[in-house]
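Participant: All I have is the shape, not the residue letters:
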């Protein structure tokens, strides 16, 4: 057994080295730094863990079998009426669980339908994916009306605006002078 354990550790090291990224510390390199006694200790620890997991699974199976036997003994002492009541209660619990699951599935399907309708309307109206997410409504008609309002609002904001008048421009003292006269006056003032 000591001969196979180091080979297993070496195989594990080779497998993990292929998937390790250069940014993360390499545990295999640390394992190699442990030397032969460290490798044996790690292999022994791995074997012990496997044995413990196997034992836990066996104990879990034994527990299930014992619980089933206890239930048999309890059921043996029950009357037929009690057995029917328990069976009915179990069916009711299963029904309620199935009903809750069906409601959840219906809600998820409805949400998916609304999302699909939102994207269909958005694509039909030529909206970008960012704007499609802003559409509100539960039916295709409501979504279409909201898309039209959104397009209208964006269109109104995108139109060029008429510039506000600037009182300092156009009516100054040089209203009658040409551009050439203004240029000459600017040169004279600099000289």
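Facilitator: Perfect, I can see it now. Just so it is clear, the model here is predicted, and its values are computed rather than measured.
Participant: quick one: low-confidence parts of the protein?
Facilitator: 1-34, 156-161, 166-168, 170-176 (pLDDT under 70).
Participant: just checking, what packs against the lengthiest helix in the chain?
Facilitator: Ranked by number of residues, the top helix in the chain under DSSP state H is helix 80-125. Here helix 80-125 touches helix 129-132, helix 140-158, going by 3 or more C-beta pairs under 8 Å, 6 or more residues apart in numbering; DSSP states H and E. (Glycine included, C-beta is placed from N, CA and C.)
Participant: mind redoing it with 6 Å?
Facilitator: Helix 80-125 sits against helix 140-158, with contacts defined as 3 or more C-beta pairs under 6 Å, 6 or more residues apart in numbering; DSSP states H and E.
Participant: So residue 169, which state does it fall into?
Facilitator: Classification of residue 169 by DSSP: H, G, I helix; E, B strand; the rest coil places it in coil.
Participant: For it, grab the count of nearby residues.
Facilitator: 7 (other C-beta atoms under 10 Å).
Participant: Going forward, the N-terminal residue is numbered 639.
Facilitator: That works, and once the first residue is 639, the last one we named lands at residue 807.
Participant: So it versus residue 820, what's the distance?
Facilitator: Distance, residue 807 to residue 820, using C-beta to C-beta, to the nearest Å: 13 Å.
Participant: swap in residue 765?
Facilitator: 50 Å.
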